[in-house]
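Undergrad: My questions are about this predicted structure, shown below with the sequence.
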Amino acid sequence: MRSKRLGFIINPIAGMGGAVGLKGSDGLVAHARELGAQEVAAQRAVRALEALREIAKGIEILTAGNSMGETALQTSRLDHEVVFRPTNQETSAEDTQRAAATMVERGIDLLLFAGGDGTARDVLQAVGDRIPVLGIPAGVKMHSAVFAITARHAGDVARRFLSGDSSIVVESAEVMDRENVGSGPASPRLYGFVRTPRAPLLVQHAKMAM
């Protein structure tokens, strides 16, 4: 019986806008950096990875190169295999989609990603409902039901799922993102569904506009 395989992806720019008062990071990365924003997704991803240490010898971790996962795994001292490398230093939605698709082709059992709703949409486009996915919350806009409550909780749920914990149930989860319609305020829109492992009080439900 083969080891469980975990796909691991970070959207390095997720959450940068929120730290400097912007409503997101999509299309605003350069402006966020001008305002002094720092990358936060990798820090949160490392917190999630801490929970995987006790099962590290029993799983294979497939990841993307450099800031998309490789660096965080090196920091966490977890063995891994890089199966996709972005061509540019500034990563894109296409990089996330291509990395996720490559990992699915390699037969992963779970895709763990760090990002926000925009990243969840990229994962949805690449993966659909073929494999379970779980988000490490690192974005500004967090409406989708694919995210754990905290980064540490994401790691805990991933560890329990990969260990075969029967209390973890895989359910259909909404992928949502805010959309501007005309001149009115942005409101969440449903983009589709993915399969997400859930544990009571550890994974959030979809959030609607207030």
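TA: Right, received. Where do you want to start?
Undergrad: This structure: helices as residue ranges?
TA: Here the chain has its helices, by DSSP state H, at 16-19, 29-34, 41-50, 70-76, 93-105, 117-127, 151-162.
Undergrad: how close does the closest residue to Ile10 other than its chain neighbours sit to Thr63?
TA: For Ile10, ignoring the flanking residues on the chain, the nearest one in space by CB to CB, 6 or more residues apart in numbering is Ala114 at 4.5 Å. (Glycine included, C-beta is placed from N, CA and C.) Distance of Ala114 to Thr63, given as CB to CB, to the nearest Å: 11 Å.
Undergrad: Have a look at those two and say which one is more surrounded.
TA: Ala114 (33 against 26; other CB atoms under 10 Å).
Undergrad: and stretch 142-150, how far from the chain's centre?
TA: Distance, stretch centre to chain centre, for stretch 142-150: 9 Å (CA atoms, centre = their mean, to the nearest Å).
Undergrad: With only the CA atoms kept, save it in PDB.
TA: Coordinates of each C-alpha in stretch 142-150 appear next as PDB, following Å, rounded to 0.1, in the frame of the first residue of the first chain:
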ATOM      1  CA  MET A 142     -12.500  34.800   3.000                       C
ATOM      2  CA  HIS A 143     -16.000  33.800   1.900                       C
ATOM      3  CA  SER A 144     -15.400  30.300   0.700                       C
ATOM      4  CA  ALA A 145     -16.200  27.200   2.800                       C
ATOM      5  CA  VAL A 146     -13.000  25.500   1.800                       C
ATOM      6  CA  PHE A 147     -10.900  27.200   4.500                       C
ATOM      7  CA  ALA A 148     -10.000  26.000   8.000                       C
ATOM      8  CA  ILE A 149     -10.600  28.500  10.800                       C
ATOM      9  CA  THR A 150      -6.900  29.100  11.300                       C
END
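Undergrad: Go ahead and confirm the residue nearest to Ile10 touches Leu134.
TA: No. Applying CB atoms under 8 Å, one finds Ala114 not in contact with Leu134, separated by 10.3 Å.
Undergrad: If anything else comes up later, I'll come back, but that's it for now.
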